[in-house]
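1. Quick one, fold the following:
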Amino acid sequence: MADDKKLVKCRLLGRGSYGTVYLAAPQPSLTNYSTTSTASSQLVAVKSAYLDRNKHFLSLQVEGHLLYELRGCPEIITCFGDDFSTENGTDFYNLLLEFAPEGRGIARNYK
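-> Okay, the predicted model is just below:
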């Protein structure tokens, strides 16, 4: 995220060929009080892929680059950036994405 806060994965949202998507929120902090933002505005989707020999993370990097090129389009999920993490001794590549629980843009009109 833009302010480099540590994210905590809260809930599994889905699994795919190249990664697993989690709902995530900034790690709680005693000095991090916010009265102007809602909880949902701080939630993000984190799409993670193992850094391994299968190179699935490379496909995720390409996805991130494509989302960056399409930034600003109201029908496309916003990519806030990427990072690397280590969880329980395993290395991951992560895309930090807009969390859109009810869909995005035009897709909402067709439900």
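
2. Quick one: mean pLDDT over the helix or strand containing Phe84.
-> Using DSSP states H and E, the element containing Phe84 is strand 79-87. Taken as a whole, strand 79-87 carries a mean pLDDT of 92.

3. Pull out the buried residues from the helix or strand following that strand.
-> Going down the chain from strand 79-87, the next helix or strand is strand 90-98, by DSSP H and E. Applying a neighbour-count criterion of 16 or more other Cβ atoms under 10 Å, one finds 92-97 buried in strand 90-98. Backbone N, C-alpha and C define where each C-beta goes, glycine included.

4. Neighbouring strands of the strand holding Phe84 in the sheet, and parallel or not?
-> Strand 79-87 pairs in its sheet with strand 90-98 (antiparallel), by DSSP bridges.

5. State the mean pLDDT of the strand it pairs with.
-> Taken as a whole, strand 90-98 has a mean pLDDT of 93.

6. mean confidence for stretch 54-72?
-> In this model, stretch 54-72 carries a mean pLDDT of 90.

7. Any chance you could list what contacts that stretch?
-> Here stretch 54-72 makes contact (Cβ atoms under 8 Å, 6 or more residues apart in numbering) with 17-19, 47, 49-51, 76-79, 82, 92-93, 95, 97.

8. Just the buried ones out of the residues you listed, please.
-> Restricting the contacts of stretch 54-72 to buried positions leaves 18-19, 47, 49-51, 77-79, 82, 92-93, 95, 97, with burial counted as 16+ other Cβ under 10 Å.

9. I'd like the residues you listed written out as JSON lines, with distance to Lys6 added.
-> What follows is the buried ones among the contacts of stretch 54-72, written out as JSON lines (distance: Cβ to Cβ, whole Å):
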{"residue": "Tyr18", "distance to Lys6": "24"}
{"residue": "Gly19", "distance to Lys6": "20"}
{"residue": "Lys47", "distance to Lys6": "17"}
{"residue": "Ala49", "distance to Lys6": "19"}
{"residue": "Tyr50", "distance to Lys6": "20"}
{"residue": "Leu51", "distance to Lys6": "19"}
{"residue": "Ile77", "distance to Lys6": "22"}
{"residue": "Thr78", "distance to Lys6": "20"}
{"residue": "Cys79", "distance to Lys6": "19"}
{"residue": "Asp82", "distance to Lys6": "15"}
{"residue": "Phe92", "distance to Lys6": "14"}
{"residue": "Tyr93", "distance to Lys6": "17"}
{"residue": "Leu95", "distance to Lys6": "16"}
{"residue": "Leu97", "distance to Lys6": "17"}
